[in-house]
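[1] next input, structure requested:
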Amino acid sequence: MATVRLLTDEEVRQRPQAWAVFEDIRATRKSDFINNFWRALAHDPAQLERVWTQLKQVMVAEGELPPLVREMIYIAVSTANGCTYCVHSHTAAAKAKGMTDGQHAELLAVIGMAAQTNAMVTALQVPVDEAFDVK
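    Numbering: from 1, shown residues only. Take a look at the predicted model:
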């Protein structure tokens, strides 16, 4: 259950700064759907605008990493951080960007392997090899 009430479009229209962000989300994503994360953030229009601007810079702007790879990284980090909402929303986004069932299975295998070996290295307190240091 949310800790804040999710605002409807009608309520967001009463907040011009937030409504402008909703319109930009719709235009950027070419969809009328505004997910619950943005509806929760709309209580604070300045924060909504700041987070949306940052997200566009990282996830939408042209860059070296393809959009699908960015979504897959987001899934991995969200899994590590235990964010169920983000795992769901970015898995949907990755599928919309063409992630296959096979790619998803491999991603889950990598996430599981990293979680296992990270825990083992942490428990063993293995020192970093000198060869891995930046010179």
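
[2] what is the burial count for residue 118?
    For residue 118, the tally of surrounding residues (other CB atoms under 10 Å) stands at 11. Where C-beta positions appear, they are placed from N, C-alpha and C, glycine not excepted.

[3] make that residue 40, sorry
    Look at residue 40: counted by other CB under 10 Å, it has 17 neighbours.

[4] find the nearest non-adjacent residue to it, please.
    Spatially, and ignoring its direct neighbours in sequence, residue 40 is nearest to residue 4 (5.3 Å; CB to CB, 6 or more residues apart in numbering).

[5] the residue nearest to residue 13 when sequence neighbours are not counted: neighbour count?
    The shortest distance from residue 13 to any residue other than its chain neighbours is 5.2 Å, reached at residue 19 (CB to CB, 6+ apart). Taking other CB under 10 Å as the neighbour definition, residue 19 ends up with a count of 16.

[6] I'd like to know which elements the helix or strand that contains residue 19 is packed against.
    For residue 19, the enclosing helix or strand under DSSP states H and E is helix 16-29. Secondary-structure packing of helix 16-29 (3 or more CB pairs under 8 Å, 6 or more residues apart in numbering; DSSP states H and E): helix 9-13, helix 36-41, helix 45-55.

[7] contacting residues for residue 71?
    In this structure, residue 71 makes contact with 59, 90, 93-94, 97, 99, judged by CB atoms under 8 Å, 6 or more residues apart in numbering.

[8] same deal with residue 24?
    Contacts for residue 24 were tallied using CB under 8 Å, 6+ apart; they are residue 52.
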